[in-house]
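Engineer: here is a sequence together with a model predicted from it:
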Amino acid sequence: MNQFRHITISGEPVERGKQHGKQLSVEISRTIDFYRSIFALPESEILHRAELFRDIIERFNPTYIEEIDGIAQGAGVDPLWIIALNARTEILSHCAGVSNECTSVYYSGSAILGQNWDWGKALESLSVLMKIVQTDGHIIFMLTEPGIIGKIGMNSSGLGVCLNILTLGRLLDGLPVHIFLRAILDCHSLAQVDSLLASHGGGKASNIMVADAGGDGFNIEFCGENSYRLVAESDYLLHTNHYLDRPINSEKDPSFSSSYARLNKATQILSENKERSVAGMRALLSDDSDRSWPIYREYIPDDSVHELGTICTIVMELAQQKMHVRKGKGPDAKFFEYHLDG
């Protein structure tokens, strides 16, 4: 099937969670199995770390714990495993050589935001498009992994967010980045996002590209307790999987060969093609001309996630509240258009 499953959840946090869990119970179980296989930790240690992150999330926003507990109840699983899914990036931070292969871009003049999400092949058949309709009328539309309450998407206030995992080489113990993504999608303005960054930006290693329908946007590189803000120097923002503001990940390190190659190729494409449109972004995120390190990639064997490749391509028109989504790579892969209010 060449489209992602599309579900809608609504109501109060616990009810939304129950709907999420019931509709995706099989997928949640399989997602837990996938992460159990790559965490490389005893289950007791995974759940112990999940307990610590549960406390962090509850102090940040208790309603997120209500939603997570609702997911666990609906899916019939241990709530700590749902916490572990939402903190999967932080739990994986102890693993050496975890692969991170995503390319994100934003066209400021046309308020178009998008990315390729590259990760383990098992997640291609499990991930879903989810619409969250809150009781105040606020709507979130995102591509997410079963059981995870925040990921790549946009909202009815015209905000959108993309994610690139970065590597810092140490354990991460802050608010999980996927919870932070949900908090951004719950915001109504970039000013609210700035407040979040000021109060809860520590303990992560990721880049978040956030933008609005008015053409404003920025990257935030989380680097442990520090964070670095990058704004567009021309008419676009671009990020892959190494730090840009500080020389933390060396180009000479083979672990970052793909990240540097994809950044250089995307920069070349953006300099040669000035079309800042949906078609232009689709073309950029479809480039596979570098056979060794393509932007749009086939699945290949990988030590950390078994098989690594492009799970999906997402292009968001923030002003029009449209999302263009393509599942995987292959002869049947094509874009489908979704409207936030559809």
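Structural biologist: Everything's here; your move. Residues are numbered from 1 along each chain as shown.

Engineer: from now on I want contacts and neighbour counts done on CA atoms only, so please keep to that.
Structural biologist: OK.

Engineer: what are the ranges of the helices in the stretch 101-250 of the chain?
Structural biologist: According to DSSP state H, counting those that start in this stretch, the stretch 101-250 of the chain carries its helices in the segments 177-185, 190-200.

Engineer: show me what contacts residue 280?
Structural biologist: Shown here is residue 280, whose contacts under the criterion CA atoms under 8 Å, 6 or more residues apart in numbering are residue 273.

Engineer: show me which residues of the helix or strand harbouring it are buried.
Structural biologist: With elements taken from DSSP states H and E, the one containing residue 280 is helix 278-285. By neighbour count, with 16 or more other CA atoms under 10 Å as the criterion, the buried positions of helix 278-285 are 278, 280, 281, 282, 284, 285.

Engineer: sorry, back to before: to residue 86, which of the helices of the stretch 101-250 of the chain lies closest?
Structural biologist: Across the helices of the stretch 101-250 of the chain, residue 86 has its closest neighbour in helix 177-185 (5.9 Å, CA to CA).

Engineer: quick one, the closest one and helix 190-200 angle?
Structural biologist: On the basis of axes from the mean of the first three to the mean of the last three CA atoms, to 10 degrees, helix 177-185 is oriented at 150 degrees to helix 190-200.

Engineer: list the contacts of helix 177-185.
Structural biologist: The set of residues that contact helix 177-185 without belonging to it, under CA under 8 Å, 6+ apart, is 57, 86-87, 89-90, 140, 148-155, 159-161, 193, 196, 204, 206.

Engineer: kindly report the same for stretch 3-13.
Structural biologist: Stretch 3-13 is contacted by residues 16-17, 19-20, 23, 63-64, 66-67, 70, 125, 127-135, 326-327, 336 when judged by CA under 8 Å, 6+ apart.

Engineer: recalculate using a threshold of 6 Å.
Structural biologist: Where contact means CA atoms under 6 Å, 6 or more residues apart in numbering, the residues beyond stretch 3-13 that reach it are 16, 19, 66, 67, 128, 129, 130, 131, 132, 133, 134, 135.

Engineer: now the buried members of those.
Structural biologist: Among the contacts of stretch 3-13, the ones that count as buried by 16+ other CA under 10 Å are 16, 19, 66, 67, 128, 129, 130, 131, 132, 133, 134.

Engineer: mind checking which of those land in strands?
Structural biologist: Judged by DSSP state E, the subset of the buried ones among the contacts of stretch 3-13 located in strands is 128, 129, 130, 131, 132, 133.

Engineer: in a markdown table: these, plus pLDDT and distance to residue 215.
Structural biologist: Shown next, in a markdown table, are those (pLDDT from 0 to 100; distance: CA to CA, whole Å):
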| residue | pLDDT | distance to residue 215 |
| --- | --- | --- |
| 128 | 98 | 28 |
| 129 | 98 | 25 |
| 130 | 98 | 25 |
| 131 | 98 | 24 |
| 132 | 98 | 24 |
| 133 | 98 | 25 |
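
Engineer: that's all I had, so thanks and see you.
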